[in-house]
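> Provided below for reference: sequence and predicted model.
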Amino acid sequence: MTVEWVAVYLALGAVVGFMAGLLGIGGGGIMVPALTAMFAAQGVPDEHLVHLALGTSMAAIVVTAISSMRSHHRHQAVLWPVVWRIAPAILVGTFASTWLVALLPTRALAIFFSCFMAWVAFQMVKNVRPKAQRHLPGTIGMSFAGLAIGGISALVAIGGGSLTVPFLTWCNVRIQQAIGTSSAVGLPIALSGAAGYMINGWSATGLPAYSAGYVLLPAVLLISLVSYFTAPFGARLAHRLPVATLKKAFACLLLLLSLKMLHTIFTR
């Protein structure tokens with residue numbers, strides 16, 4: 001890996017960490033389109049482009065998830081009984097979904113990712129929050145929710161916040177606790193997803209050097225190294241900057257990045 005690419009990965013990590021700290025989101029939404037374009041420029045075969053971007057993004061989320069979980073735990077905002085109930089199903093759903101990803105072609109993954117990011121952007125612009133209508137379901141209900149959250153999260157390489165927070169607030173969980181609990185749920189999603197992408201891509205040919213399946217290890221290291229330090233900086237600025245306006249700008253950025261990824265995939 002050249003010095004120029006090292007600098008690009010470090011810069012990506014700085015942006016991802018800052019946005020995650022500022023808005024509580026931003027991992028996969030930024031990393032997957034950016035990594036897709038970067039891997040294409042580095043000569044990764046077309047059939048592996050999105051798979052490698054998804055797996056690398058999922059692995060890079062692990063460090064951010066740990067940092068976010070510790071921060072919310074210190075503020076007593078994590079409902080650990082909920083985490084223990086939903087985590088097993090999330091682990092299964094996330095890991096199983098990586099096997100589905102391995103079977104899907106690159107273009108299908110790119111289209112699904114872009115559509116999902118468009119939905120996330122719409123939620124951010126409209127500041128949509130589901131009205132609390134019920135209490136948390138029993139073990140079976142939580143398991144179905146965990147399977148769905150984990151499965152979709154693996155398909156788009158996100159920590160699950162876009163799905164977990166709305167689900168918990170719909171179940172009458174206070175927004176602060178919903179966000180904190182979602183941060184804790186993000187760790188098993190990231191770990192299970194990274195493991196699944198490694199295993200499912202282990203026999204793939206034509207991947208870059210130092211890849212563990214569909215995870216490019218040097219990229220994960222460089223992105224995580226910087227995002228760990230920029231995330232707290234973004235969190236501090238969240239109390240000083242107009243976050244509502246920034247969310248709308250970030251939603252536009254998500255759409256542009258997704259369109260850029262589609263352009264990269266369909267013009268090669």
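Sure, I can see it. Residues are numbered from 1 along each chain as shown.
> In this structure residue 87 contacts residue 189, no?
No. At 9.1 Å, residue 87 does not count as touching residue 189 under the criterion of C-beta atoms under 8 Å. Where C-beta positions appear, they are placed from N, C-alpha and C, glycine not excepted.
> higher neighbour count, the two?
Set residue 87 next to residue 189 and count neighbours by other C-beta atoms under 10 Å: residue 189 wins out with 32 against 20.
> where does that one land in three-state SS?
Three-state call for residue 189 (DSSP: H, G, I helix; E, B strand; the rest coil): helix.
> leaving aside the residues next to it on the chain, what's closest to residue 199?
Of all residues not flanking residue 199 in the chain, residue 213 sits nearest, at 6.1 Å (C-beta to C-beta, 6 or more residues apart in numbering).
> Now do the contacts for the one you found.
Listed by C-beta atoms under 8 Å, 6 or more residues apart in numbering, the contact partners of residue 213 are 55, 197-202, 204, 207.
> how about 6 Å then?
197-198, 201-202 (C-beta atoms under 6 Å, 6 or more residues apart in numbering).
> In ChimeraX, how would I select the buried members of those residues?
If you want just the buried ones from the contacts of residue 213 in ChimeraX, going by 16 or more other C-beta atoms under 10 Å, the selection is:
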select :197,198,201
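> Out of the contacts of residue 213, list just those in strands.
Among the contacts of residue 213, no member is found in strands (DSSP state E).
> Just give me the closest of the contacts of residue 213 to residue 167.
Of all the contacts of residue 213, residue 197 has the smallest distance to residue 167: 24.2 Å, by C-beta to C-beta.
> Kindly tell me how buried residue 115 is, as a neighbour count.
Residues near residue 115, counting by other C-beta under 10 Å: 11.
> Sticking with it, tell me its helix or strand.
helix 106-126 (DSSP states H and E).
> and residue 111, how many residues sit next to it?
Neighbour tally, residue 111, other C-beta under 10 Å: 17.
> same thing with residue 18?
The number of residues packed near residue 18 is 21, by other C-beta under 10 Å.
> check contacts around it.
Going by C-beta under 6 Å, 6+ apart, residue 18 touches 230, 234.
> Quick test: name the residue nearest the centre of the protein.
Most central in the chain under C-alpha atoms, centre = their mean is residue 158, positioned 1.9 Å from the mean C-alpha point.
> and it, that one's in a strand?
No. Judged by three-state DSSP, residue 158 forms no part of a strand; its state is coil.
> which sections of this structure are below the confidence cut-off?
Scanning the chain for pLDDT under 70 picks out the ranges 21-26, 127-134, 160-161, 235-236, 238-239, 241, 243, 268.
> what about the strands in it?
Under DSSP E, the chain gives strands at 211-212, 215-216.
> Quick check: which of those strands is nearest to residue 92?
Of the strands of the chain, nearest to residue 92 by C-beta to C-beta is strand 215-216, at 20.0 Å.
> and that closest one, what other elements does it pack with?
Helices and strands touching strand 215-216, by 3 or more C-beta pairs under 6 Å, 6 or more residues apart in numbering; DSSP states H and E, are helix 49-74.
> Check which helices and strands the helix it packs on sits against.
helix 27-41, helix 106-126, helix 175-200, strand 215-216, helix 217-237.
> burial measure for residue 210, as a count.
Neighbour count of residue 210, defined by other C-beta under 10 Å: 13.
> ok, residue 114 - contacts?
Going by C-beta under 6 Å, 6+ apart, residue 114 touches 258, 262.
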